[in-house]
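**Student:** Coordinates for the following, if possible.
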Amino acid sequence: MRHMIPTTAAAAALALAGCVSQESSEATLAAHGYSAAYVAGYHDGCPSGRRAGGDSFSQRVRDAGAYGSGGDYRTGWDYGFLECRDRERQAEATARLIGSAIATGIGRDHGADGVNAREILAGIDTSGLDTLGQ
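**Tutor:** Below is the predicted model of the structure:
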């Protein structure tokens, strides 16, 4: 999957929000015919995978008894773990790429968003703004 390199922090935030918010919901999994045990396993495995992928806020969760007995819980946990771990790693890599692109594009005359406001406002009469806020 190739990513375009955004030049603003807002584009970066939107890109990351899109990458990390696509997890399957319990309703979606159930609607596709997965058992309650599989759904429970998936939703325990997913935060565990995010943790393994670098998300320090997610916690590892696993029902040892259900996992140890195999079956749908174990299958759901394993799949949730792998899917969410890989997605978290991809999000982390994307964030590093975007951060690097933004940092590289910021010059002395540019703000944190990479925009040169002086250049944009050149030739525009802003004298009426002097009294705002007084």
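**Student:** Next, the buried residues of stretch 51-65.
**Tutor:** Arg51, Ala52, Gly53, Asp55, Ser58, Arg62 (16 or more other CB atoms under 10 Å). Quick note: C-beta positions are derived from backbone N, CA and C, even for glycine.
**Student:** and which of these is nearest to Gly45?
**Tutor:** For the buried residues of stretch 51-65, the closest approach to Gly45 (CB to CB) belongs to Arg62, at 7.3 Å.
**Student:** before we move on, back to that, nearest to Gly123, of the buried residues of stretch 51-65?
**Tutor:** Asp55 (46.7 Å).
**Student:** how about Tyr73, what does it touch?
**Tutor:** Tyr73 makes contact with Ala37, Tyr38, Ala40, Gly41, Asp63, Ala66, Tyr67 under the criterion CB atoms under 8 Å, 6 or more residues apart in numbering.
**Student:** pretty sure the first one is in contact with Asp72, am I right?
**Tutor:** Yes. Assessed by CB atoms under 8 Å, Ala37 is found in contact with Asp72 at 3.9 Å.
**Student:** Select the longest helix from the chain.
**Tutor:** Selection of the longest helix in the chain by residue count, based on DSSP state H, yields helix 71-105.
**Student:** Would you indicate which residues of that helix are buried?
**Tutor:** Under the neighbour-count criterion of 16+ other CB under 10 Å, helix 71-105 has 72-77, 79-81, 83-85, 87-89, 91-92, 94-95, 98, 101-102 buried.
**Student:** helix or strand right after that helix?
**Tutor:** Using DSSP states H and E, the helix or strand that follows helix 71-105 in sequence is helix 117-121.
**Student:** Let me see the mean pLDDT of that following helix.
**Tutor:** Helix 117-121 carries an average pLDDT of 74.
**Student:** Kindly report the same for stretch 79-98.
**Tutor:** Stretch 79-98 shows an average pLDDT of 90 in the prediction.
**Student:** just to confirm, which helix or strand has Ala40 in it?
**Tutor:** helix 36-53.
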